[in-house]
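Undergrad: One predicted model, sequence on top.
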Amino acid sequence: MRGTPQQIIEKYNQLHRDAQLSNDRVNAENFAQHAEHYTRLLAEAQREVDQRRDELEAQNRERQAERDKERNDRMQAQEQAGNDQPAAVERPDPRETDDLGAQGPDAGLVETPEEKPQQRARKPRAPRKPRPDNRDGAATTPEAAE
């Protein structure tokens, strides 16, 4: 038999009903047992899926609670620092700014094509003037013709 577990269960149940209607008690019992077996397998698989989903949800809730706690701790620390220093200068978020100590020619940064200076477009060249044809060795200038 092919199909999803639910389709297999339905097929065995249908075969069970057909065997009962034809008064074939042996095949009816056989198909009923097969349907029951697949029903148990499907129920067990569903329990495992539900258990795994519950575990993942619990882990996600724990992570979110930790993030919320850290955020609250940071906010309280900033508020306390603000109360201790009335003329405090606003500090930018360290995640948003670059490391100021790592500036210089060898900062470990990689140059990307976007950062390279753009080359100016060259002016198109004028077409080349044609050369005089001196194949036969005779001069084509008026002075040489005299």
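TA: Here it is on my side, so go on.

Undergrad: Look at residue 16 and say how many residues are nearby.
TA: 20 (other CB atoms under 10 Å). No exception for glycine: its C-beta is placed from N, CA and C like everyone else's.

Undergrad: That one and residue 3: what is the separation?
TA: 16 Å (CB to CB, to the nearest Å).

Undergrad: Could you tell me which ranges of this structure sit under the pLDDT cut-off?
TA: 84-118, 134-146 (pLDDT under 70).

Undergrad: the helices in it, which residues?
TA: 5-21, 25-84, 142-145 (DSSP state H).

Undergrad: which helices and strands does the longest one pack with?
TA: What that stands for is helix 25-84. helix 5-21 (3 or more CB pairs under 8 Å, 6 or more residues apart in numbering; DSSP states H and E).

Undergrad: Tell me the buried residues in the helix it packs on?
TA: 8-9, 11-13, 15-16, 19 (16 or more other CB atoms under 10 Å).

Undergrad: Could I have the CA atoms of it written out in PDB?
TA: The C-alpha trace of helix 5-21 is given here as PDB (Å, rounded to 0.1, in the frame of the first residue of the first chain):
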ATOM      1  CA  PRO A   5      -0.400   7.100   7.000                       C
ATOM      2  CA  GLN A   6      -3.900   8.500   7.200                       C
ATOM      3  CA  GLN A   7      -4.600   7.200   3.600                       C
ATOM      4  CA  ILE A   8      -3.300   3.700   4.500                       C
ATOM      5  CA  ILE A   9      -5.500   3.600   7.600                       C
ATOM      6  CA  GLU A  10      -8.600   4.600   5.600                       C
ATOM      7  CA  LYS A  11      -7.800   2.000   2.900                       C
ATOM      8  CA  TYR A  12      -7.500  -0.800   5.500                       C
ATOM      9  CA  ASN A  13     -10.700   0.300   7.100                       C
ATOM     10  CA  GLN A  14     -12.400   0.200   3.700                       C
ATOM     11  CA  LEU A  15     -11.000  -3.200   3.100                       C
ATOM     12  CA  HIS A  16     -12.200  -4.300   6.600                       C
ATOM     13  CA  ARG A  17     -15.800  -3.100   5.800                       C
ATOM     14  CA  ASP A  18     -15.800  -4.800   2.400                       C
ATOM     15  CA  ALA A  19     -14.600  -8.100   4.000                       C
ATOM     16  CA  GLN A  20     -17.400  -7.800   6.600                       C
ATOM     17  CA  LEU A  21     -20.000  -7.200   3.900                       C
END
